[in-house]
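Asks: using only what follows, build the 3D model:
(2 chains)
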Amino acid sequence: MAKTIMIVDDAAFMRMMIKDIVTKNGYEVIGEAENGIQALEVYERVRPDLVTMDITMPERDGISAVKDIIAIDPAARIIMCSAMGQQALVLDAIKAGAIDFLVKPFEADRVLHAIERILI
Amino acid sequence: MEKAFLSQAEIDGLPGTSNGRVNLSEQERDILGEIGNINASSSSTALSEILKQRVLLDAPAISFTNLNELHQRFETPYILIEIEYTSGIPGKNLFILKSEDAVVISDIMMGGNGQDVTCKIDELTLSAVSEAMNQMIGTSATSMSEIFDKTISISPPRVRLINVKEEAAQIEPDKKEVVVISFKLKIGELMENQTMLVMNLDAAKEYVRYLVGGTADGLAG
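Replies: Numbers count the residues shown, from 1 in each chain, chains lettered A, B, ... in the order given. Reported below is the predicted structural model:
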């Protein structure tokens, strides 16, 4: 059975791009969210194998959303995908429970490599 | 070619640039120009990676005006994308694009070559150009945070299509004086756009004081 992924990003364009990259490579996207509040709601409902999480989003940012998700599922596997590559933010995200951090702009291979490393 | 940005002559003609109303020292101008340089060079590097095109920058032009007047200078219709700094540095970034250029950028971002595109602006086009700006400013925030040793946060991008001059006049009723550090971006052979860092004059002066070793109030984060 295909491994499942949930994509969190406020930009519809970015959700579409990531979805395209992962579905072409055999993963199934079972949930999408456009802010940190939705992210928790959708996560609880779909329980994906992996989450890609943006940081700068309206309503609630991605680092707060990682904390929320880890609080209900400490085994959640989350990769940050953000243009904000500042060391302090990367550390905050990892401390919150994210497993990896991809800095935008990124190539499709980089995303796939990070996902494979976690899901295989 | 119709232009959606200001020429240096037009920028120089903006109120406050030559009439002595604005009191900014040579050092303050230099520092603001340098902040603009760091900001624009790392954003243009990001844009160059996103579009796989060479992106060239002109030297920064510093001018003084208010946002109401600034917007009325752009040729309509245009797309305005704004990202505000929410901590670490005052002000906001504006990216001014012609509709046809936005379509080309979004086509390239979706794997096309930017040629023979139909000039139709839809939600996905606006989302693509907003994401491009988000990645540009995110990248430049990373560079600036390393240089100034301070975490810099940004807001999500806000995108608007401005069709007529009347709309431009209504976007920013605020007549408060701002300093505008603007750059022309030349993207391959495809287009020229304008990117701007805008700060309230008082906040800009305070920020410069902070950078040269003093303290600044209100610079959270």
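
Asks: contacting residues for the spatially closest residue to A:Ile115 that is not a sequence neighbour?
Replies: Spatial nearest neighbour of A:Ile115, excluding adjacent residues (CB to CB, 6 or more residues apart in numbering or on different chains): A:Leu50 at 6.2 Å. Quick note: C-beta positions are derived from backbone N, CA and C, even for glycine. Under the criterion of CB atoms under 8 Å, 6 or more residues apart in numbering or on different chains, the contact list for A:Leu50 reads A:3-6, A:77-79, A:115, A:118-119.

Asks: closest one to chain B out of these, please.
Replies: A:Ile79 (16.4 Å; CB to the nearest CB).

Asks: now that closest one, what's its secondary structure?
Replies: Secondary structure for A:Ile79, judged by DSSP: H, G, I helix; E, B strand; the rest coil, is strand.

Asks: which one of the contacts of A:Leu50 sits closest to B:Leu126?
Replies: Sorting these by how near they are to B:Leu126, with CB to CB, puts A:Met6 at the top with 24.1 Å.

Asks: which strand residues bridge that closest one?
Replies: Partner residues in beta bridges with A:Met6, using DSSP bridges, are A:Gly31, A:Val51.

Asks: tally of neighbours for B:Glu49?
Replies: 17 (other CB atoms under 10 Å in any protein chain shown).

Asks: for the contacts of A:Leu50, pick the one with the most neighbours.
Replies: For the contacts of A:Leu50, neighbours were counted using other CB under 10 Å, and A:Ile78 has the most, 28 neighbours in all.

Asks: so what sits opposite that one in the bridge?
Replies: With DSSP bridges applied, the residues forming beta bridges to A:Ile78 are A:Val51.

Asks: could you list the low-pLDDT ranges of the chain?
Replies: This is for chain A. Low-confidence segments of chain A (pLDDT under 70): none present.

Asks: sorry, should have said chain B
Replies: For chain B, applying pLDDT under 70 flags the ranges B:1-22, B:214-221.

Asks: packing partners for the host helix or strand of B:Leu94?
Replies: Counting by DSSP states H and E, the element that carries B:Leu94 is strand B:92-97. On a contact count with 3 or more CB pairs under 8 Å, 6 or more residues apart in numbering or on different chains; DSSP states H and E, strand B:92-97 meets strand B:78-87, helix B:123-148, strand B:191-200.
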